[in-house]
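Participant: here is a sequence with its predicted model. Questions after.
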Amino acid sequence: LGVDLDGGCVGGGSEFISLREVWKKYLLGGSLDQNNAAVKAYLEQLGSRTLNDWATLNKSSDTGRTKLWDDLDMSYISGVGDKAKEHSGNIAQTFYRLRDLTIAYATEGTELYHNEELKTEIIRALDYMYQNHYNERDSVTPFFGNWWHWEIGAPVAFLSSALILYEDLTPQQIQNYTAAVNRFSPVCDESSGYSGSPAMTGANLIDKGTAVALSGILSQSSGKLEHVKTAFKTVFSYVTTGDGFYEDGSFIQHGALAFMGGYGKSLYEKLSIFFVVMKDSPWELTYEDHAEQLVFDMIFKGIEPFYHQGLFMDMVSGRDITRKGSNDKIRGAELLTAILPMSDAMPTAVMKNRFDSLAKSLILADERELYENCTIITSVRKDSQIVNDSDIEPRGSYVFNKYFGGMDKYVYTTPSYSLGLSMHS
């Protein structure tokens, strides 16, 4: 059978079933110990977030509905101005809420677990979004606003919901949803051609690759998964200019911005999924030249130095420091959440021991903050496992002194304080 990069079915169906189930478990956590403090905190957070969304969802009985939530206007506004970007962002936000509702429906221990009315409304809402706001026909749902919402934000959330509800969807629905995503993200290493869509590098490439991989799994396209693996390898090499990882531990996005606390966080969040889900499959992120080693090395070279007692430095977080609700404490918890699943992917026992020790010290620095900001159940479970393993010792005294030439940053760290200098050249 041939390979169709745009989503045609190929052989090896059992492999795709396995990938689908592992990805689903990553999103839902499998069998959860509801007496575990970390799991309890996660379920409470998920419940408080989704119960209001369920209560305020405009249901399918409203045949004239033009949006799913009254505060998220998705109506078309021509161009790429601020108002257009707000509305395209509302399309992505609508998919985020549907994804969270789907996770709540499928997660035992939530108030919405296996609520059949909710499931029916989610599926009808996904169809509504496909029919009216996000499909493969430019004449029906024209592009406007911010490219990121169409190529990364919306499709990853859209297909995450579809993956969880796969058994409840028809083949036609799966075909529709993946066709919509293929319009904007057929590949992950190129611009879509829509206004503002850049050449894909660094975190953007990895993020977009997540949409392509979900489409590939749901449509059983080995071509898509092979493409993602090949494209990711271009990120797994050091650069000397522009976006990407630098050998000295620097990480740059948008040409010149130090961004490990922003784009880097997103990059590791998605890579954690791939290292877990693709393990032992034909598309596992391992290469003959061991290019993937860079990803593990950078945790110690480009992330660890910028933590102090659980706080992650502003100077390597780009525009993330301007976002509402963002601060060094929350950012530290979110970045730790992103990297925690990498523990079991560490290539050697020595690296795994070092990682677990680092993770334990960061968790114990402010366990409550981590619980309040950890929205990934797989990370919650790994956090609990590391904390409760008496064989894992928290990292000892950390003394560090280095200039990061790739991004003009200097760090001096002792157990009692850390100093960071942000420079320009």
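Facilitator: Looks like it came in fine.
Participant: can you give me the strands in the stretch 151-300 of the chain?
Facilitator: Ranges of strands in the stretch 151-300 of the chain, per DSSP state E, counting those that start in this stretch, are 244-245, 251-253, 257-258.
Participant: most tightly surrounded among those strands?
Facilitator: strand 251-253 (a mean of 26; mean count of other Cβ atoms under 10 Å). The C-beta positions use only the backbone N, C-alpha and C, and glycine is treated the same way.
Participant: could you pick out the longest helix of the protein?
Facilitator: Counting residues, the longest helix in the chain under DSSP state H turns out to be helix 82-106.
Participant: average pLDDT for that one, rounded please.
Facilitator: Averaged over helix 82-106, pLDDT sits at 98.
Participant: got it, and stretch 67-77?
Facilitator: 98.
Participant: okay if I get the strands of the stretch 151-300 of the chain as TSV plus mean pLDDT and distance to Asp100?
Facilitator: Formatted as TSV, the strands of the stretch 151-300 of the chain follow (pLDDT from 0 to 100; distance: least, Cβ to Cβ, whole Å):
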stretch	mean pLDDT	distance to Asp100
strand 244-245	98	31
strand 251-253	97	26
strand 257-258	96	29
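Participant: out of the ones you listed, which gets nearest to Gln220?
Facilitator: Closest to Gln220 of the strands of the stretch 151-300 of the chain, according to Cβ to Cβ: strand 244-245, at 31.7 Å.
Participant: where does the stretch 51-200 of the chain dip in pLDDT?
Facilitator: By pLDDT under 70, the stretch 51-200 of the chain has no low-scoring segment.
Participant: Ser219 touches Thr178, doesn't it?
Facilitator: Yes. Using Cβ atoms under 8 Å, Ser219 is in contact with Thr178, at 4.7 Å.
Participant: ok so, going back, and of the strands of the stretch 151-300 of the chain, who's closest to Val380?
Facilitator: When the strands of the stretch 151-300 of the chain are compared (using Cβ to Cβ), the closest one is strand 251-253, at 25.6 Å.
Participant: so what does the closest one touch, helix or strand wise?
Facilitator: Strand 251-253 sits against helix 202-219, strand 244-245, helix 263-277, with contacts defined as 3 or more Cβ pairs under 8 Å, 6 or more residues apart in numbering; DSSP states H and E.
Participant: for the closest residue to Gly29 other than its chain neighbours, grab phi and psi.
Facilitator: Spatial nearest neighbour of Gly29, excluding adjacent residues (Cβ to Cβ, 6 or more residues apart in numbering): Ile377 at 3.5 Å. Note on Ile377: backbone dihedrals following degrees, to the nearest 10 are phi -60, psi -30.
Participant: ok, how many other residues are close to Ile377?
Facilitator: Look at Ile377: counted by other Cβ atoms under 10 Å, it has 22 neighbours.
Participant: so how far is Ala162 from it?
Facilitator: Separation of Ile377 from Ala162 (Cβ to Cβ, to the nearest Å) stands at 19 Å.
Participant: what segments of the stretch 251-400 of the chain are helices?
Facilitator: 263-277, 293-298, 328-339, 349-365, 367-373, 377-387 (DSSP state H, counting those that start in this stretch).
Participant: from the contact counts, what lies against the helix or strand following the last one?
Facilitator: As assigned by DSSP states H and E, the chain's next helix or strand after helix 377-387 is strand 400-404. Using 3+ Cβ pairs under 8 Å, 6+ apart, the elements in contact with strand 400-404 are strand 409-413.
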